[in-house]
Every structure is written in structure tokens, then in C-alpha cells.
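S.K.: quick check, what structure comes out for this input:
(one chain, ligands or ions: 1)
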Amino acid sequence: MESVTSDANDFTSDKVVEPNVPEASSSFAAEKRVVPRKPRIILAASGSVAAIKFGILADSLSDWAEVRAVATKPSLHFIDQKGLHPNVKLYTDDDEWSSWSKIGDDVLHIELRKWADAMLIAPLSANTLAKVAGGLCDNLLTCIVRAWDFSKPMFVAPAMNTFMWTSPFTLRHLTSLEDLGVTVIAPISKKLACGDTGNGAMAEPAFIDSAMRLSILTSEPTIQLLPALPHTI
Ligand SMILES: Cc1cc2nc3c(=O)[nH]c(=O)nc-3n(C[C@H](O)[C@H](O)[C@H](O)COP(=O)(O)O)c2cc1C
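M.R.: You can find the predicted model right below:
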């Protein structure tokens with residue numbers, strides 16, 4: 001298994017230290033130039049049809065972050081794995097189990113959790129929303145969430161049919177996530193893959209990318225979400 005372990009989890013304090021070009025009279029060892037590393041993001045997909053846009057998200061996040069991808073089994077029906085950005089390694093439930101054979105081996109969901117500075121679940125299916133809201137952890141994605149350090153940013157971009165989005169379960173589950181400090185990037189209204197028109201489509205990848213970039217690189221709270229949550233429609 002490729003190691004994903006890092007010594008530090010805070011990208012703002014984990015620096016790559018490079019030696020400066022020495023000046024004639026200065027001590028080479030004493031002079032260092034500090035270069036901040038890129039933020040490390042876990043980009044995870046669950047089984048919404050919006051996972052067809054996973055590759056676009058991976059491409060745009062890769063412009064400014066180190067990205068590792070995680071996909072649930074149903075989401076693999078929608079993801080073009082061969083077209084994924086070459087720097088983005090994709091991890092699945094099979095990797096979780098094939099990388100472990102004995103006590104002492106790395107456990108993938110823990111290593112990814114230690115490696116990451118932030119996590120984005122896009123798309124977030126109704127099923128995975130319900131599972132993470134209840135703390136269930138029966139695959140790689142949900143095990144990472146269950147082990148997550150919620151002082152680090154987590155973003156979710158729900159995507160589901162309008163009937164699912166307006167179900168009373170959705171508000172219950174989103175409220176649990178918000179209580180944990182998770183940022184919910186609200187879905188939008190448009191013609192859905194099933195042919196219906198209504199709210200529940202995943203926010204556009206460019207919007208998700210900008211929201212995360214602003215929040216992570218500037219530590220600014222970015223999005224006012226509540227007006228688009230189900231209890232307000
Ligand atoms: C063609 C197709 C499209 C689907 N689209 C969605 C969707 O947009 N949102 C959603 O929440 N579930 C959708 N589902 C249902 C999920 O794939 C299903 O609930 C699955 O168990 C989700 O698993 P996961 O959350 O572990 O990825 C779809 C199912 C099919 C067959």
C-alpha cells in the first residue's frame with residue numbers, strides 16, 4: 001500500500017524547508033527559506049448520479065491542493081476512473097481490505113484521516129448522509145468520517161432527487177452534520193437526471209471549488225447555507 005502518513009496534519013504549520021542560496025558572508029546552515037506546502041484534501045464520492053462530475057472536481061481542486069480520492073462502491077458506476085487526474089489516487093473499499101493482512105499493518109481509513117487537512121464529500125448521497133449523521137461506518141468513506149478530527153474542515157455537497165431532498169429525514173441528518181461543524185454546500189434547483197425539475201442537484205463544481213478554496217486558504221467562513229436547506233422550501 002502506498003503510504004499516506006504525514007508527520008503533521010496542519011498544512012499551515014507543516015512547511016517544506018529549503019536552503020537559501022548562500023551569500024558570501026552568511027552561514028549556509030543558518031539561512032532557510034520556508035515554503036508552505038499545499039493543503040491536503042480527501043475528495044470523496046457517494047452513489048449519486050452527480051458523481052459523473054467527480055473528475056471535474058478532482059481537476060479543479062488539484063490546481064491548488066494535494067488530492068486523494070475515495071469512492072463508495074455505488075459511486076463507481078458514475079465515475080470515469082481512467083479519466084481521473086493523474087496526480088489523484090483513487091481509494092476504494094477493496095483497497096481498505098487488500099492493504100491490510102496482519103496486526104501492525106497500516107489501516108487505510110486511519111492513514112487517510114491522519115494525512116488530510118480537509119475533506120469534501122461531493123456528491124453526498126441520501127444514504128451516506130444518513131449513515132454519517134448516525135455515525136455508521138461500514139465502508140472506507142464512512143470510516144474516515146467516523147474517525148475524523150472535526151477541528152479540521154469538512155464540506156459536503158448533497159445531491160439527490162427532490163423527493164429525497166424534501167424528505168423530513170434530510171433536515172434531521174443535515175442538522176446533525178452542522179452540529180459537528182460540517183459545512184453543507186446546498187444543492188441547486190434544475191432539471192434532474194431522472195427528468196424531474198426541482199431542488200436537489202449538486203452545486204456546480206466551480207462553486208464547490210471556490211467555496212473550499214476561499215475557506216481553506218483564507219480561513220474565511222464562505223457560504224450562507226440555511227436559506228437553501230429543506231425546511232425553508
Ligand atoms: C441510476 C441511479 C442514480 C441514483 N442517484 C442518486 C442520487 O442522485 N442521490 C442519491 O442520494 N441516491 C441516488 N441513487 C441511490 C444510491 O445509489 C443508493 O442509495 C446507494 O445505496 C448509495 O450508496 P452510497 O451512499 O454508499 O454511495 C441512485 C441510484 C441509481 C441506480
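S.K.: up against the ligand, what does this structure have?
M.R.: Where the chain comes near the ligand, counting by Cβ under 6 Å from any ligand atom, the residues are 46-50, 72, 74-75, 125-128, 159-160, 164. The C-beta positions use only the backbone N, C-alpha and C, and glycine is treated the same way.
S.K.: let's see it at 5 Å
M.R.: Residues of the chain lying near the ligand by Cβ under 5 Å from any ligand atom: 46-49, 72, 74, 125-128, 160.
S.K.: closest to residue 194 among the residues you listed?
M.R.: Residue 194 lies nearest to residue 49 out of the residues of the chain next to the ligand, by Cβ to Cβ, at 8.2 Å.
S.K.: could you count how many residues lie near the closest one?
M.R.: Per other Cβ atoms under 10 Å, the neighbour tally for residue 49 reads 19.
S.K.: tell me who's in contact with it.
M.R.: Contact partners of residue 49, counting by Cβ atoms under 8 Å, 6 or more residues apart in numbering, are 78, 159, 193.
S.K.: what about the residues you listed, which one has the most neighbours?
M.R.: Neighbour-wise, these (other Cβ under 10 Å) top out at residue 159, 29 neighbours.
S.K.: and residue 114, backbone torsions?
M.R.: Note on residue 114: backbone dihedrals following degrees, to the nearest 10 are phi -70, psi -40.
S.K.: any idea how far apart the tips of stretch 185-194 sit?
M.R.: This stretch, stretch 185-194, spans 22 Å end to end (Cα to Cα, to the nearest Å).
S.K.: tell me the mean pLDDT for it?
M.R.: Averaging pLDDT along stretch 185-194 yields 88.
S.K.: buried stuff in it?
M.R.: Neighbour counts over stretch 185-194 (16 or more other Cβ atoms under 10 Å) mark 185-187, 192 as buried.
S.K.: among these, which ones are in strands?
M.R.: With strands taken from DSSP state E, there is no overlap with those.
S.K.: which one of these is nearest to residue 86?
M.R.: Residue 86 has its nearest neighbour among these in residue 185, at 26.2 Å by Cβ to Cβ.
S.K.: give the contact list for the closest residue to residue 60 other than its chain neighbours.
M.R.: Once flanking residues are discounted, residue 60 sits nearest to residue 209: 4.2 Å by Cβ to Cβ, 6 or more residues apart in numbering. Neighbour list for residue 209: 57, 60-61 [criterion: Cβ under 8 Å, 6+ apart].
S.K.: name the element residue 209 belongs to?
M.R.: helix 205-218 (DSSP states H and E).
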